Structures are given as structure tokens and as C-alpha cells.
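Undergrad: Just the structure for this:
(one chain, ligands or ions: 1)
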Amino acid sequence: MKKLLFVIFLLTLVSTNQLLAQNNSMDNKIKEIIKQLTLKEKLDMCHAQSKFSSKGVARLGIPEIWMSDGPHGVRAEIAWDSWQHAGWTNDSCTAFPALTCLAATFNPKLSYKYGKAIGEEARYRKKDILLGPGVNIYRTPLNGRNFEYMGEDPYLASKMVVPYIHGVQENGVAACVKHYVLNNQEHWRDHINVELSDRALYEIYLPAFKAAVQEGKVWSIMGAYNQVRGQYCCHNELLVNKILKGDWGFDGVLVTDWGATHDTKEAALFGLDIEMGTGTDGLTSSLKNAYDNYFMANPLLKMIQSGEIDESVVDEKVERILRLMFRTNMNSSRPNGIMNSQEHFDVAREIAQEGIVLLKNEANFFPIDPEKVQTIAIIGENATKMMTVGGGSSELKTIHEISPLEGIHKRFKNANILHAMGYASGPSVYGRVIDSKLNADSLKNEALEIASKADIVLFVGGLNKNHHQDCEGDDRKHFSLPFGQDDLISRILKVNKNTAVILISGNAVEMPWVDQVKGIVQTWYLGSETGHAIADVLSGDVNPSGKLPFSFPVKLEDNAAHAFDELSYPGDGTNQEYKEDILVGYRWHDTKKIKPLYAFGFGLSYTSFQIQNVKSNKISYKKEDTIIISCEIKNTGKIKGNEVIQVYVNDVKASVLRPLKELKAFKKVKLNPKETKSITLKIPTKELAFFDDSIMDWKLESGQYKLMIGMSSQDIKKIISVKVK
Ligand code: GLC
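TA: The predicted structure follows:
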């Protein structure tokens, strides 16, 4: 045995050395290359040459870098020097579910499958950087881009972003985690200056980016548009030089958001590596050399030639860019890509199935028996509206997008399906032209007509990807459902009580009808397989297991960001202050005792579960210990299903304000009927620390802590008291 162990030890020694040698040889190669580059060639690598590419060095056979959106699929090819589509015919893709849906699965394994599949498509499209995923924290339900992110909890976002990055980068494509940092709204996003405490910054808004760098080993990060403490994110001394590249040791490339560079000297000195999307100042009429007007082009060249900036500053940028190239387009062993395979559509469907959240199911309204002959009325524009188009840079040109109506038609063959649009979001763009003779009243009457004839009414509504909805560039103006949906739902309920609501959205919405409807399903934006996945769940083919990645407040002012004045949201046009501090999402609801309509981590199932024998491995822990919680989870119902066991922690006597509970572990368990499984959940004791701004470091206080084990942040089944020494 001893001999075997020694051999294994030698082997690891060799492989570690090999790895180190590999890195050393890469670093040496990089240094060699930099020696041969002219200053102009170096600077050309540090900024765009077109809308979505930056220069290589043709003289030396160093390739260009090609980038593409987005987080949910590979965007259609964009023209060289405008936002128009290039008009290709071979750039349709698989549209995967929006990242809120992925977060709602609480299943890191699916996150890896997601990243691998989307990475294969980016590789096939010869993209070296995929501009996603986004992990900005869900602070307000009005933010136009929440659908692209992973919810309100830093721990959930941290756990879900890492496997996605691994999956993408296995293809030799760089993920580009965005938008670093505090881009938590779209209103005034290009300039608003965010002020917040160090505790909120480190405990809420940085963790997912830190996990992306330190565990995900992400190869690129995208700086955000906004300012933080008076400096633009893309060249921010604290965020980039100190935290990202200093404390966290990020060895990749910082790319700007498109047009987010504002100053040459700051960009040079505060860590910007590649400047994209800058609208030049119009000094040049021809687009040909507009790129030479970029902040990091001629202006920086002049500063170096005058000696104001040292050339070594550019060498450091080029070193990072070459390292990204050795990992991507100069990595000869990277795999070829795959586009639109059945496997990719299957992955999209699986994630959609596991991300759908069942919020209400009175008297087992769901599942609906597909064998039963009955009349089902499908009402609502979202039953047929394309959602893969629109929404901004995450828009997709997909091979197919199965609508909810189509999915229901295909699965409920024995039912008599009636359909009425019910309401229209206006003659707006994105995949639909409304016939002008259709007006609100005729749409409403048509809907009420079919509702009165149906056994079951499914209202398919929610938000959409239009401007001021779930869309980049600005925020929603109201928390309530738009386009007269609330009024229509209340009228439908008067003619047919047997009504349920299917919400398609990436944000929480107000639900004045919540007590009157029989069922509510939150189905997110699900991409190509939307209709199939919704029908899978409505029919019972799939037992829903999604959990909310963010709280649904009853009314807007119950949300932390809206509990203060306009400085808290949306800001005064120049500055904004995150006055709720660390109390974001359920941290606010639980600590302030404001009951949410639906809680973070909540989601129903068609079966039921029981947790028993909850134990911790010890009753007191030292900092270097790992808390191990074991329990048994039983499926007490008649059909198979998944449950997500969640562990929240409370520091009973903290010396500072701490949330009533913070998610510190979760695990998804698949169980057959009557099956019991024993599971363990692990929490490194040091993760119970809070960020102490008096020492600017994490601090673990000794004393009593509560471990709260349950199926949502509000449904705690067992509390274990432990001590930290
Ligand atoms: C957009 C978005 C960013 C996107 C980039 C390129 O403004 O903020 O997420 O990747 O520009 O389209």
C-alpha cells in the first residue's frame, strides 16, 4: 500500500510540475511575443476593430478576438460596424431558458449542462468570448434586465454561475461574467453613480463575481456602465486594480460594456484591457479610422510617446489578452463546436422543466389530465408571443420557439382548445404586428366569450421583451401587470371561476387576483422549448420543482429598494444610494417582518415531502471546521418529484446588524414515491463570517448560531442551535 501511495504522490508531483511548466511556458511565450510587438500593434489589441471584434497581429499570425452575446444563446451575427444583423442565414441558434429560470432550478448540475451546450454553439460560431452570464443581484422588481441574472441571493448566484463557466470554457471559449458591478437597474445605467456600504458591496454584490473568478476561473469579465463611488466601473481603481486583479488574483481580461469607457488615463492605469463599443467623438467622417479615436488608441499612444504613461502599462494588458488567446483561439487542442443539436434542445427543455415554479395549486387544479375530454380556453398574448426576440442584447434568432399555445395543443390532443389573445401589448415590434382593427374591447369580449364556454381557463400573460418591460436599456414603470391584464383577469373570473394564471416574466409582478385564481405557475422566459416544457408541467408529465430565486413582494414598497426615497431608487439622476444596505430580498422581508407574497426559495410540487432526523455533526465548531448537516427527506406522495433542501443561518448575538437568515447551503433531491434518502449539506464554518468594514476583512464572531433547515426561506422545518468558538 505504502508503495502505491508513494507512486501516486510522485505522479501528482509530476502532473503539478507539468501544469506549472505549462503555465511557465505559456508565460514565457507571452513575454517573447510582447518583445516583438510594436507599440501600435499592442494598442490595437486593446480596443475594438469592429462592433464585436478586436485586432490580432496578422504579421505574427496572432488572430483577432471575436465576441458575441449572450447569456441565453449565441446571438445572430451583427454587422461589422453597426448594430444591424449581418443577414446571415446560418446563424440561428438554440435559445436556452433565461438565467432566472436556471437559477430557479437550484441545480448546479444543470448549470454545467447549460454552459457546455451554449459553449459548443459559441465555439461552432467561432466566437472566442461569449458575453455572459450575468450575475447582477436582483435588487428591485423593476430592473429591465433581471431576467438575464440569477436572483437576489449572492450564495445561490455564486453556486450557479461557476458550473456554467466551466461548461462554456471547456470548449475553448471564454465566458465573460457581467456586469461588474452594481448594474442593478437599467434606468440611467450609463452614468448613475452608486453609493453603498462596504458590507453591502462585499456581502451582497461581489460574491458571485468573486466565485466566478476564484472557483469558476473565468477568463474574462465585463465592466459595467455605471459608476461606483465616483469612478466608472470599467476603469475603477478599487473594483479592478484592488479587488478584481489584486485581492482575487484575476488573470484574465477586463472588457468594457459597449461604450462604457470614459477616460484614457484611467483606462490605462485602472485595469481596462479591451475597450469595446466606444462611440468615437465624431472627429472622423469615415468609419475606417474611427477606431483610432478610441480612448485606448491614439489618445493613449500620445500619452505613452510623451512619457506621461509608461509602455509597461500596455504590456500588462497585452499579456492578459495573449493569455486569453492561448486559452481560446491559439489553443490548438480545443474541441470543435456543435450547433442546434437535438441534445441542445433537450438541455433547454430539461432546464425549463426544472426551473418552472408552481406558486399556487388549489384543490389540485394542476396537473390537468390530458386524456380528459374537456374545453380549455387559452387566453393572453403571451400564449403566442415570441420572447426570444427583443429584450436587448440577449435577443436570439432561434431555429424554433415552441409557443405555450402550440405546446398545449400538441400535448392535450383530446381537449377542445379555444384561444383568444385577450389583450395586446400594442402594435410593437419584436415578432408580431397587431392588426389595427383589433382594439382592447374586441379583444376583451372575444376572451370573455371563450372563457364562458370553457371547463378550464388558462390565462397566459405576464411581461414581455418590449421596452420598459423585461428589456435592456430602461426599467419597468410599474410593478403591476401591463396592458390591462389585471382587469381582464378579474372579468374572466366573473364568468369562469375555474381559472389559473401562467406568468411568463423575468420579474415579480403584483397579483391582485392571487386569492381568486385556482392556480399560478411562474414559467420565466424558456426559449426554444417554451411550449413543450410548459405542457410537460401542466400535464403532469413533469412534476415541477423550481424554487423562486427572488422574493415576490405583495406591493412594490414592500421591496427594500422601494422602502426609501428616490435616492434609493432610481437615484436623483446623478447619484444613487443603496439605503437598504445588506438587507436585500428575503433578508429585508425576514428581518423587517414584511411577509412576501411568495418567498425566496418557494415552489410547490405535485407530491409532498417530509424532512426528518435533522442533525449536525457537532454542537460547536472552530473556524477551520466544516458544519455537516444530515437529514432524511421522504417523498410522502404518489408520484416522483424533486425537493430542494435549503439551509439558512442566523448569528444570534452579532455585534453588528445581520440578516435574520442567510442561505448557506442547498441541495436538490430526486425521490420516487415513498422513497427516503439521507443527505448531507456542508457549510465551512468560516462562511458564517460577516464583512467587518472596521478591518476591511471578513470576521467570524464566536457565539451561538441557528441553522434553519427547510424547503423555502419561509418554510423552516427544523432549527439547530450550534456554537462557534
Ligand atoms: C450591451 C449590454 C451588454 C452586451 C453588450 C454587447 O449594452 O449591456 O450586456 O453584452 O452591450 O451587446
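
Undergrad: Tell me which stretches of the stretch 201-350 of the chain form strands.
TA: 220-223, 227-228, 231-232, 253-255 (DSSP state E, counting those that start in this stretch).

Undergrad: nope, the stretch 551-700 of the chain is what I was after
TA: Along the stretch 551-700 of the chain, counting by DSSP E, counting those that start in this stretch, strands occupy 575-577, 609-616, 620-621, 626-635, 641-651, 662-671, 676-684, 690-692, 697-699.

Undergrad: What sits closest to residue 153 if chain neighbours are left out?
TA: Leaving aside its chain neighbours, residue 153 sits nearest to residue 663 (5.2 Å; criterion: Cβ to Cβ, 6 or more residues apart in numbering). Using the backbone N, CA and C atoms, a C-beta is placed for each residue, glycine as well.

Undergrad: Show the contacting residues for the closest residue to the ligand within the stretch 201-350 of the chain.
TA: Nearest to the ligand in the stretch 201-350 of the chain, going by Cβ to the nearest ligand atom, is residue 258, at a distance of 3.8 Å. Residue 258 makes contacts with 276-277, as judged by Cβ atoms under 8 Å, 6 or more residues apart in numbering.

Undergrad: Got the phi and psi for it?
TA: phi -80, psi 100 (degrees, to the nearest 10).

Undergrad: Quick check: the residue nearest to residue 153 touching residue 646?
TA: Yes. In this structure residue 663 lies within contact range of residue 646 using Cβ atoms under 8 Å: 6.2 Å.

Undergrad: Low-confidence bits of the stretch 251-400 of the chain, can you list those?
TA: Residues of the stretch 251-400 of the chain that meet the criterion pLDDT under 70 lie in 281-289.

Undergrad: Close to the ligand: what parts of it are there?
TA: 257-258, 393 (Cβ under 6 Å from any ligand atom).

Undergrad: Go through those residues and name the one nearest residue 38.
TA: Relative to residue 38, the closest of those is residue 258; by Cβ to Cβ it sits at 27.3 Å.

Undergrad: Go through stretch 38-48 and flag the buried ones.
TA: Across stretch 38-48, burial judged by 16 or more other Cβ atoms under 10 Å covers 41-48.

Undergrad: Render the CA-only coordinates of it in PDB, please.
TA: The C-alpha coordinates for stretch 38-48 follow below in PDB (Å, rounded to 0.1, in the frame of the first residue of the first chain):
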ATOM      1  CA  THR A  38       5.300  47.400 -31.900                       C
ATOM      2  CA  LEU A  39       3.500  49.900 -29.600                       C
ATOM      3  CA  LYS A  40       0.900  50.400 -32.300                       C
ATOM      4  CA  GLU A  41       0.300  46.700 -32.600                       C
ATOM      5  CA  LYS A  42      -0.100  46.400 -28.800                       C
ATOM      6  CA  LEU A  43      -2.600  49.200 -28.600                       C
ATOM      7  CA  ASP A  44      -4.600  47.900 -31.500                       C
ATOM      8  CA  MET A  45      -5.100  44.700 -29.400                       C
ATOM      9  CA  CYS A  46      -6.600  46.800 -26.600                       C
ATOM     10  CA  HIS A  47      -9.600  48.100 -28.400                       C
ATOM     11  CA  ALA A  48     -12.300  47.200 -31.000                       C
END
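
Undergrad: So what touches that stretch?
TA: The contact list for stretch 38-48 (Cβ under 8 Å, 6+ apart) reads 34, 54-57, 59, 62, 272-278, 291, 294-297, 300-301, 304, 311, 314-315, 317-318, 321.

Undergrad: let's go with 7 Å and repeat that
TA: Stretch 38-48 is contacted from outside by 54-55, 57, 273-277, 291, 294, 296-297, 300-301, 304, 311, 314-315, 317-318, 321, using Cβ atoms under 7 Å, 6 or more residues apart in numbering.

Undergrad: okay, residue 583: pLDDT?
TA: As summarised for this prediction, residue 583 has a pLDDT of 98.

Undergrad: Isn't it up against residue 659?
TA: Yes. With contact defined as Cβ atoms under 7 Å, residue 583 reaches residue 659; the gap is 6.2 Å.

Undergrad: list residues touching both of those two?
TA: Common contacts of residue 583 and residue 659, defined by Cβ under 7 Å, 6+ apart, comprise residue 591.

Undergrad: residues touching residue 178, list them.
TA: Listed by Cβ under 7 Å, 6+ apart, the contact set of residue 178 reads 131-132, 134, 222.

Undergrad: SS state for it?
TA: Taken by DSSP: H, G, I helix; E, B strand; the rest coil, the conformation at residue 178 corresponds to strand.

Undergrad: about what we covered before: can you lay out the strands of the stretch 201-350 of the chain as CSV showing mean neighbour count?
TA: Output for the strands of the stretch 201-350 of the chain, formatted as CSV (neighbours: other Cβ atoms under 10 Å):
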stretch, mean neighbour count
strand 220-223, 28
strand 227-228, 22
strand 231-232, 22
strand 253-255, 28
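
Undergrad: Relative to residue 470, how far out is the residue of the stretch 501-650 of the chain found nearest the ligand?
TA: When scored by Cβ to the nearest ligand atom, the stretch 501-650 of the chain has residue 506 as its residue closest to the ligand, at 14.5 Å. According to Cβ to Cβ, to the nearest Å, residue 506 stands 4 Å off from residue 470.

Undergrad: what's the overlap in contacts for the two?
TA: In contact with both residue 506 and residue 470: residue 147, using Cβ under 7 Å, 6+ apart.

Undergrad: near the ligand, which residues of this structure?
TA: Close to the ligand, as judged by Cβ under 6 Å from any ligand atom, the chain has residues 69, 131, 178, 257-258, 393.

Undergrad: I'd like the residues you listed as CSV, with distance to residue 409 appended.
TA: Listed next are these as CSV, based on distance: Cβ to Cβ, whole Å:
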residue, distance to residue 409
69, 32
131, 36
178, 38
257, 41
258, 40
393, 32
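
Undergrad: contacting residues for the residue in the stretch 101-250 of the chain that the ligand sits nearest to?
TA: In the stretch 101-250 of the chain, the residue that lies nearest the ligand is residue 131 (3.8 Å; Cβ to the nearest ligand atom). Under the criterion of Cβ under 7 Å, 6+ apart, the neighbours of residue 131 are 67-70, 176, 178, 222.

Undergrad: Could you do residue 140 as well?
TA: For residue 140, the contact set (Cβ under 7 Å, 6+ apart) comprises 184-185, 559, 561-562, 569.

Undergrad: what do you get for residue 511?
TA: residue 597.

Undergrad: wait, residue 275 sits on residue 299?
TA: No. Under the criterion of Cβ under 7 Å, residue 275 makes no contact with residue 299, lying 10.7 Å away.

Undergrad: and the two? which has more neighbours close in?
TA: residue 275 (29 against 17; other Cβ atoms under 10 Å).

Undergrad: which residue packs closest to the more buried one, ignoring adjacent ones?
TA: What sits nearest to residue 275 in space, not counting adjacent residues and going by Cβ to Cβ, 6+ apart, is residue 47, at 4.1 Å.

Undergrad: What does that neighbour show for phi and psi?
TA: The phi and psi values for residue 47, taken as degrees, to the nearest 10, are phi -150, psi 170.

Undergrad: Report how many residues lie close to residue 565.
TA: When counting by other Cβ under 10 Å, one arrives at 10 neighbours for residue 565.

Undergrad: contacting residues for the spatially most central residue of the chain?
TA: Geometric centre of the chain, nearest residue: residue 149, 2.4 Å, by Cα atoms, centre = their mean. Counting by Cβ under 7 Å, 6+ apart, residue 149 touches 99-100, 134-136, 138.

Undergrad: What ranges does the stretch 501-650 of the chain have for its helices?
TA: Secondary structure of the stretch 501-650 of the chain (DSSP state H, counting those that start in this stretch): helices at 530-538, 586-591.

Undergrad: And the longest one, what does it pack against?
TA: Think helix 530-538. Helix 530-538 makes packing contacts with helix 342-355, helix 404-411 when contacts are defined by 3 or more Cβ pairs under 7 Å, 6 or more residues apart in numbering; DSSP states H and E.

Undergrad: what's the closest of those to residue 604?
TA: Proximity to residue 604 (Cβ to Cβ) singles out helix 342-355 among the helices and strands packed on helix 530-538, at 14.1 Å.
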